[in-house]
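>>> Prediction below, plus the sequence it came from.
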Amino acid sequence: MLATRWLLSRVRLDDPLAGDLEEQVGRGKSTLWLLRQVLFALLVRTGGLFRDRPLTVVRFMSLGWGAALVLQFLTILLARSAEPALYRWALLPDHLSVRIWWSAHTYLVVSGTCGLGFAGWLVARTAAVEDRAVLVLGLFASVLVWQLTGNFYWTALPAILPLHQGAWLALDGWSTVVILLFMPLSVVCGGLLVRDRTPSIRGDRLFGLR
Amino acid sequence: MIMSRETLGNFELMVLLALIRLSDDAYGVPIADVLTRTLGRDVAAASVYAALERLAQNAFVTSRMGQSTPERGGRARRYFRITEAGLREVRVSQSALTTLWSGLPVLKGEPA
């Protein structure tokens, strides 16, 4: 029940609807049932937001992606200064060592995750309370679509290359699958970090977003 | 003169019929329960409230807030009631659908 209350307080559905869901969970409905109901409620609200205020959606998606790219760029700049040390550590006689793969990908994963987590936090921090969950979910979905389309090449590649080359590419593909799930979720995690209080940064005043 | 008129959607009609059945006890949970039993599949609470919102905008239903309870995390129930306009709309839909349904062989199990 505590998890139910936490989820419903974070998502901020209308009170009568949230009360109904909590009542049903108290009568024995499962957590999976609740998650389906909450997701559907967010989808219904998303449809309403797109219909009534489409520019709000566009502005907040632009804010999220802009923040993510800026932070990722800054993180990459910092990571590049550490790159020589990373490659000295990674350089082994076997040039197909997994260490090379880790050093090459770690800072991209870290920078991407930090950037997207920050984007989720910023969108949640500046959006109106009732729109917060929908906009973070929209950003999450857009990142997932980007990951699926952009990384499809790398996940499909091991299936078509000969095995001895495909072996380490499969490892690359596996890391891409992890990134596929992990990085979009960082958007949601960033959004969940926003505490339920009146925001001091009001995006609608700062950026004319509302 | 041809006059355009919004008609009740299928789901909205079902929600209104559920309201009529439940009378004063109609809030989200029993409405969804009636629809779930009738349709034989889970009905999303959000879709019920979305339909009720549309019906309220057309003045086919009214609502009032009930008491908050601990089992609902301190949130109040919202009770709905069908209006006279809503009843008229249901009768119109009933008449139209009954007329369209009647005498169709395929609905009696016969070939079209």
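Sure, I can see it. Residues are numbered from 1 along each chain as shown, chains lettered A, B, ... in the order given.
>>> how close does the closest residue in space to B:E12 that isn't next to it in sequence get to A:T31?
Spatial nearest neighbour of B:E12, excluding adjacent residues (C-beta to C-beta, 6 or more residues apart in numbering or on different chains): B:A51 at 5.0 Å. From N, CA and C alone the C-beta is placed, and that goes for glycine too. Applying C-beta to C-beta, to the nearest Å, the value for B:A51 to A:T31 is 26 Å.
>>> more neighbours, the two?
Between B:A51 and A:T31, counting by other C-beta atoms under 10 Å in any protein chain shown, B:A51 is the more crowded of the two (21 against 11).
>>> show me what contacts that one?
Counting by C-beta atoms under 8 Å, 6 or more residues apart in numbering or on different chains, B:A51 touches B:G9, B:F11, B:E12, B:V15.
>>> Out of these, give me the one that has the most neighbours.
For those, the largest neighbour count, defined by other C-beta under 10 Å, is 30 neighbours, found at B:V15.
>>> Please identify which helix or strand holds the residue lying closest to it once chain neighbours are set aside.
Once flanking residues are discounted, B:V15 sits nearest to B:A51: 4.7 Å by C-beta to C-beta, 6+ apart. Assigned by DSSP states H and E, B:A51 belongs to helix B:45-57.
>>> So for that helix, mean pLDDT?
Mean per-residue pLDDT for helix B:45-57: 93.
>>> hang on, the earlier thing: out of the contacts of B:A51, who's nearest A:L71?
B:F11 (43.9 Å; C-beta to C-beta).
>>> The closest one - that's part of a strand, no?
No: B:F11 is assigned helix when assessed by DSSP: H, G, I helix; E, B strand; the rest coil, not a strand.
>>> got a list of what it touches?
B:S47, B:A51.
>>> any weak-confidence spans in chain A?
Counting by pLDDT under 70, chain A has low-confidence residues at A:1, A:79-80, A:83-84, A:86-108, A:148-182, A:195-210.
>>> where does it come near chain B, residue by residue?
Residues of chain A found near chain B (C-beta under 8 Å from any C-beta of the partner chain) are A:5, A:8, A:13-24, A:26, A:33, A:36-37, A:40-41, A:43-45, A:48.
>>> Selection in ChimeraX covering whichever of those residues are buried, please.
The ChimeraX selection below is limited to those of those classed as buried (16 or more other C-beta atoms under 10 Å in any protein chain shown):
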select /A:8,13,14,15,16,17,18,19,20,21,22,23,24,37,40,41,44,45
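>>> Restricted to helices, list the residues of chain A next to chain B.
Of those, the ones assigned to helices by DSSP state H are A:5, A:8, A:15-24, A:26, A:33, A:36-37, A:40-41, A:43-45, A:48.
>>> so A:L122 makes contact with A:L63?
Yes: with contact defined as C-beta atoms under 8 Å, A:L122 and A:L63 form a contacting pair (6.6 Å).
>>> Run a quick neighbour tally on residue 70.
As the question left the chain open, I've gone with chain A. Neighbourhood size, A:V70 [other C-beta under 10 Å]: 13.
>>> wait, I meant chain B there
B:P70 has 9 neighbouring residues, counting by other C-beta under 10 Å.
>>> so how far is B:R77 from it?
The gap separating B:P70 from B:R77 is 13 Å, by C-beta to C-beta.
>>> Ok, A:P54 next?
Separation of A:P54 from B:R77 (C-beta to C-beta): 33 Å.
>>> The two - which one has more neighbours?
Legend: neighbour count by other C-beta under 10 Å for A:P54 and B:R77, higher for B:R77 (23 against 10).
>>> for the helix or strand harbouring A:L71, packing partners?
Secondary structure from DSSP H and E places A:L71 in helix A:54-90. Counting by 3 or more C-beta pairs under 8 Å, 6 or more residues apart in numbering or on different chains; DSSP states H and E, the packing neighbours recorded for helix A:54-90 are helix A:31-52, helix A:98-126, helix A:129-160.
>>> Remind me what the top helix by length along chain B packs against, helices and strands.
In chain B, with assignment by DSSP H, the single longest helix is helix B:84-101. Helix B:84-101 is packed against helix B:10-22, with contacts defined by 3+ C-beta pairs under 8 Å, 6+ apart.
>>> Buried residues of the helix or strand that the helix it packs on is followed by, list them for me.
Moving toward the C-terminus from helix B:10-22, the next helix or strand (DSSP H and E) is helix B:28-39. Within helix B:28-39, the residues that count as buried by 16+ other C-beta under 10 Å are B:G28, B:V29, B:I31, B:A32, B:V34, B:L35.
>>> distance of the residue nearest to the second one when sequence neighbours are not counted from B:A76?
Distances taken as C-beta to C-beta, 6+ apart place A:D20 nearest to B:V29, at 5.0 Å, with adjacent residues excluded. A:D20 sits 11 Å away from B:A76, going by C-beta to C-beta.
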